[in-house]
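S.K.: Coordinates for the following, if possible.
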Amino acid sequence: MKGVRTSSPPAMQGAPSLYALLGALQSALCFFVLPPLCKPLWPVIFSDLSPQIREVLLWAITAPYFVMYALVVALPPYLLEWDFFEQFKISKEPWPWKDERANVRREFWTLTYKSICIDSINILVLLPCCVYAKTIAFPRRAPSFSADDWPTHWESFSGVVASIVLHEFGFYWTHRIMHARPGLYRFHKVHHQYKQNDVLSAQHFHPVDFFFSIAAPALLTAAVVRPHSFTQALAGLWIFHANMDDHLGYAFPWSPVRWFPFSAGTDAHEFHHSVNMGCYGSKLSLWDWVFKTDRVYEQWRKKRPMGE
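M.R.: Here you go, the predicted structure:
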């Protein structure tokens, strides 16, 4: 059953709307509801583990979160195709699994199988190895796992903001360098096998690319900022959620990571995939704005308002 498409243009990500308020409320729930729920569980989960295993387990939350996001956020619009959802779809092209051309559907399912294999290796093997190496390389930069120094709301907020801004700076430059250097782009072009993103493309990286542009900025940020492990988990989930959101294919204005100034629109990364240039940031538009690599995207966006 199709939903009813409204006659007015759909709400845009980052623009004031009730949807943006819903996104802000989701963020507020993470900051004000999760801490008291997690505090008594933290010692139970982490107290009897070695420092190395603690951090590996902390970062391992990305695997179940990937599955949860795919089932809760991605699959309903993909399968239902209600007009309410479809008004926020970025590409005007049909989803490849719905394409009338048999070769397009066949190529999609081949790429999907490849993505499942690559995503599993990156998340379940490469990331834990990188985290373990980080604990060996920077043993004094390990986060606290104690409930005795549990972060205040302000400490969590400032730690998350610092982590996101610094991580995005690292990702921006590693991503831009991956495009600028032919020797590195041969690894990054694996990610650009997707011209129209879906949720599986989020972690579809060659392992070399995953290490330099995904794992390294995240782990170095954690070592530099060194927030409490709970704050690090919040920042990590926010970054991971935004990465999944980048590749969803829909610019939902109620996204909890798209409602505030300098949050990058989902269509910015979709644009990057479609033209293979500009918009090297992912979660924030800040660094693209600072280094003027968003100009072509802004021109494209003005000519192509959502909903046309």
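S.K.: Number of residues surrounding Leu219?
M.R.: Neighbouring residues of Leu219 were enumerated by other C-beta atoms under 10 Å; the total is 24. Backbone N, C-alpha and C define where each C-beta goes, glycine included.
S.K.: what's the distance between it and Val131?
M.R.: As judged by C-beta to C-beta, to the nearest Å, Leu219 and Val131 stand 7 Å apart.
S.K.: cool, and Asp83?
M.R.: In terms of C-beta to C-beta, Asp83 sits 43 Å off from Val131.
S.K.: Looking at the two, which one has more neighbours?
M.R.: Val131 (22 against 12).
S.K.: helix/strand/coil for the more buried one?
M.R.: Here Val131 is recorded as helix under DSSP: H, G, I helix; E, B strand; the rest coil.
S.K.: got the contact list for it?
M.R.: In this structure, Val131 makes contact with Glu55, Val56, Trp59, Leu219, judged by C-beta atoms under 8 Å, 6 or more residues apart in numbering.
S.K.: Between which two of those is the distance greatest?
M.R.: The most widely separated members of those are Val56 and Leu219, with 11.6 Å between them, by C-beta to C-beta.
S.K.: Neighbours of Arg301, how many?
M.R.: By other C-beta under 10 Å, 16 other residues sit near Arg301.
S.K.: for the helix or strand hosting it, which positions count as buried?
M.R.: When secondary structure is defined using DSSP states H and E, the element that contains Arg301 is helix 295-303. Taking 16 or more other C-beta atoms under 10 Å as the neighbour-count basis, helix 295-303 is seen to contain the buried residues Tyr297, Glu298, Trp300, Arg301.
S.K.: Same question for stretch 208-226.
M.R.: Within stretch 208-226, the residues scored as buried using 16+ other C-beta under 10 Å are 209-223, 225-226.
S.K.: what's the average pLDDT for it?
M.R.: Confidence for stretch 208-226, expressed as mean pLDDT, is 94.
S.K.: Just say helix, strand or coil for Trp287.
M.R.: Per three-state DSSP, Trp287 ends up helix.
S.K.: Could I get the contacting residues of it?
M.R.: If a contact means C-beta under 8 Å, 6+ apart, then Trp287 has Glu168, Phe169, Tyr172, Tyr280, Gly281 as its contacts.
S.K.: show me the contacts for the first one.
M.R.: With contacts taken as C-beta under 8 Å, 6+ apart, Glu168 has the following neighbours: Gly281, Ser282, Lys283, Leu284, Leu286, Trp287.
S.K.: for the residue nearest to the last one when sequence neighbours are not counted, helix, strand, or coil?
M.R.: Ranked by C-beta to C-beta, 6 or more residues apart in numbering and with sequence neighbours excluded, the top spatial neighbour of Trp287 is Tyr172, at 4.1 Å. Using three-state DSSP as the criterion, the local structure at Tyr172 reads helix.
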